[in-house]
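Chemist: pasting the structure only:
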């Protein structure tokens, strides 16, 4: 009779190891304990998660490695740091200490940006606070005709951005342009003033006193998470500079804290250089990113509704 690969050997079935690991992670407060136990098992066994049931069991060395990774995850080290990779839309990006791990909710902002840029034959897209390059590289992959400029000021994050950009070029994507700069600089990208079709930004936006999960507090760089006392220290200058960089009719999308569902649209409306101001929820229904278009009439006084909620 055919037997399971683990039967009759000193290998442990993946299902047994995963069940034990999921209990450990759940007791440590990891929300998606079973899923993360499976992802770590697939990583150690070098198989897709969907093929775990068909995989050979853990050898003693693999079992020890798996147990060590599970212990680190139970100590709330990010899963993406353990595997060295983070999924984002159709990409897998290299991540680790020094760079913000991209979140699924940011995929919505990136997707909105792709939709806006796709309306232009050869769009110029700028990604501020690029971090790992998630948004910029997603746009470059999905819109090969786009010129994409990624701006990042952190010396610790820039190597990750450049590494991911090089990996995507090797995979056949169009190269992006990496600019090392402070996104709050008043002369940022001066050569692109009035030319940008789409500007996207996932800035640090968590108010300073807000408690964050251990994965964020201990492992994400603070300068990529916290945006000053009210969370708007970077958003305010970004909104002002975006109005200079965007062409008339150009599109702006900025991610924000879920407590900013009214304040960021109000800042856009009060600026006077934007129209079509809207706010968009994430998959959990929380306010997540604001969008607007650069006024095409040259006026600096907003005359329409302050803003509206939106979902696309």
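Modeler: Okay, I see it. The structure displayed is predicted, hence computed values, not measured ones.

Chemist: all contacts plus neighbour counts: C-alpha atoms, from now on.
Modeler: Will do.

Chemist: can you give me the helices for the stretch 201-312 of the chain?
Modeler: 214-219, 235-245, 263-271 (DSSP state H, counting those that start in this stretch).

Chemist: in the first one, what counts as buried?
Modeler: Of the residues in helix 214-219, those scored as buried under the neighbour-count criterion (16 or more other CA atoms under 10 Å) are 215-216, 219.

Chemist: what's around residue 24, how many residues?
Modeler: Look at residue 24: counted by other CA atoms under 10 Å, it has 19 neighbours.

Chemist: Just to be sure, residue 199 is in a strand?
Modeler: Yes. Read with DSSP: H, G, I helix; E, B strand; the rest coil, residue 199 is one of the residues of a strand.

Chemist: residues in contact with it?
Modeler: Contacts here follow CA atoms under 8 Å, 6 or more residues apart in numbering; on that basis residue 199 touches 113, 125-128, 242, 246, 250-253.

Chemist: I'd like the distance between it and residue 269.
Modeler: 17 Å (CA to CA, to the nearest Å).

Chemist: Low-confidence regions, the stretch 151-300 of the chain specifically.
Modeler: The stretch 151-300 of the chain contains residues with pLDDT under 70 at 298-300.

Chemist: ok, now with 50
Modeler: Residues of the stretch 151-300 of the chain meeting the criterion pLDDT under 50: 300.

Chemist: all strands for it, in order.
Modeler: For the stretch 151-300 of the chain, the strands defined by DSSP state E, counting those that start in this stretch occupy 177-180, 196-201, 246-255, 274-281, 287-294.

Chemist: Nearest to residue 29 among those would be which one?
Modeler: Set against residue 29 and scored by CA to CA, those come closest in strand 287-294, at 24.7 Å.

Chemist: That closest one pairs with which strands?
Modeler: With DSSP bridges as the test, strand 287-294 is paired with strand 246-255 (antiparallel), strand 274-281 (antiparallel).

Chemist: Check the offset of that strand from the chain's centre.
Modeler: 16 Å (CA atoms, centre = their mean, to the nearest Å).

Chemist: what's the answer for stretch 111-119, then?
Modeler: 16 Å.

Chemist: List the contacts of that stretch.
Modeler: Against stretch 111-119 from outside (CA under 8 Å, 6+ apart): 123-125, 139, 142-143, 146, 197-200, 251, 253, 312.

Chemist: residue contacts, residue 121?
Modeler: Residue 121 neighbours (CA under 8 Å, 6+ apart): residue 145.
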